[in-house]
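Whatever this is, show me its structure:
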Amino acid sequence: MVREQYISTTEDSGVPSTVTEYIYKIGIYGWRKRCLYLFVLLLIIILVVNLGLTIWILRVMWFNVNGMGYLQVTEDGVRLDGESEFLFPLYAQEIDSREDSALFVHSADNVTLNARNANGDVTGSLSVGPEHAKGFGQHLTISSMTDKSLFYADAKEAVVGTGKLRVTGPEGALFEHSVETPLVKAEPLKELRLESPTRFLSMEAPKGVHVKALTGNVEAYSSLDIVLHSTEGLVLEAQSVRLPHLTLGKARTSGESHGLYNMFEVCVCPSGKLFLSRADVYSTCSGNQEC
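So this is what the prediction gives:
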């Protein structure tokens, strides 16, 4: 509070006389003062609450000088120990597991891995769901630890790079189109069957087709004809070649020969048909009705 006093003189006597005092009050009083104290108190409460929440978050999230809880920041990147749950997409250049444990990725719906180019377009994708696994890309390559190609597939072809492809299913393998392979072999003590239920089965090779059975028989069944075609010759190499069910031809003349000692000869028609004819002093194939 400031007090001011003024002194004045009269014109008649010249004696100074005092003038009425003026008092000015400086400061905040009344309801303004109470509001100011209340606002300061509210700020102190908010500050204490924020400080307590910060300390609680630091304690719950396990913040330390190396990172946050199981999440540690290292020179090579970020290391995460234990199980973690990601609610949103995760972007990373490389994800590795520990040397003594495997890497597991679990999801209640599906797990999707996407690769994008510089423009943000998806160039490769792998999605594993509860009922199916689906991959998308220009080509698929599976390599061994020695960087040897084991399997390669693109829009034109699929290549199996291993020395042996084994099909263990009881029904074998089903191919809708042609198959190119240098060798088809069954497992030991098991039979090998090549079958076409409704169409035809064709085997072709520029230098020959070799069919070999070391301990068993080679059997070929067909509802129509079995055609063996070769441009340079056909070789049947065996101790004995048997055609047990050849038909017996009939002579065109009325006086049929009884043959020599019940012997027969194998006749071949121009069409390739084989049949038996009773042997005589001369060949009886030309005078037979089978051709």
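
Residue 285 is in contact with residue 278, correct?
No. The criterion here is CB atoms under 8 Å, and residue 278 misses it with residue 285 at 10.5 Å. Yep, even glycine has a C-beta here, placed from its N, CA and C like the rest.

does residue 35 count as helix, strand or coil?
What DSSP: H, G, I helix; E, B strand; the rest coil gives for residue 35 is helix.

now swap in the one 10 residues further on and tell me
Per three-state DSSP, the local secondary structure of residue 45 is helix.

what does residue 59 give?
Residue 59 - assigned by three-state DSSP - is helix.

Can you tell me how far it is from residue 53?
Distance of residue 59 to residue 53, given as CB to CB, to the nearest Å: 11 Å.

one step back: find residues that contact each of residue 278 and residue 285.
residue 265 (CB atoms under 8 Å, 6 or more residues apart in numbering).

Now do the helices in this structure.
31-60 (DSSP state H).

mind giving me the domain split of it?
As assigned by automatic domain parsing, the chain contains the domains 2-68, 243-291.

Dead centre of this protein: give me the residue that sits there.
residue 135 (4.9 Å; CA atoms, centre = their mean).

Now that residue: closest residue in space that isn't a chain neighbour?
residue 126 (5.0 Å; CB to CB, 6 or more residues apart in numbering).

contacting residues around the one you found?
Contact analysis of residue 126 by CB under 8 Å, 6+ apart lists 112, 113, 133, 134, 135, 136.

Return stretch 74-94 as CSV; C-alpha atoms alone will do.
Once non-C-alpha atoms are left out, stretch 74-94 reads as follows in CSV (Å, rounded to 0.1, in the frame of the first residue of the first chain):
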residue,chain,number,x,y,z
THR,A,74,22.4,-53.2,-29.7
GLU,A,75,24.8,-52.2,-32.4
ASP,A,76,23.4,-54.7,-34.9
GLY,A,77,19.8,-53.8,-34.3
VAL,A,78,17.1,-54.7,-31.8
ARG,A,79,17.1,-57.9,-29.7
LEU,A,80,13.9,-59.2,-28.2
ASP,A,81,13.8,-62.1,-25.7
GLY,A,82,10.7,-64.1,-24.8
GLU,A,83,7.3,-64.1,-26.4
SER,A,84,6.0,-60.8,-27.9
GLU,A,85,2.7,-59.8,-29.5
PHE,A,86,2.5,-57.3,-32.4
LEU,A,87,-0.8,-55.6,-32.9
PHE,A,88,0.2,-53.8,-36.1
PRO,A,89,2.5,-54.6,-39.1
LEU,A,90,6.1,-55.2,-38.3
TYR,A,91,8.7,-53.8,-40.8
ALA,A,92,12.2,-55.3,-40.6
GLN,A,93,15.1,-56.0,-42.9
GLU,A,94,16.1,-59.2,-41.2
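
any idea of the mean pLDDT in it?
Stretch 74-94 shows a mean pLDDT of 77.

Stretch 266-286 too?
Stretch 266-286 carries an average pLDDT of 81.

Likewise for stretch 169-181?
So the average pLDDT for stretch 169-181 ends up being 79.

Residues contacting that stretch, please?
By CB under 8 Å, 6+ apart, stretch 169-181 touches 167, 193.
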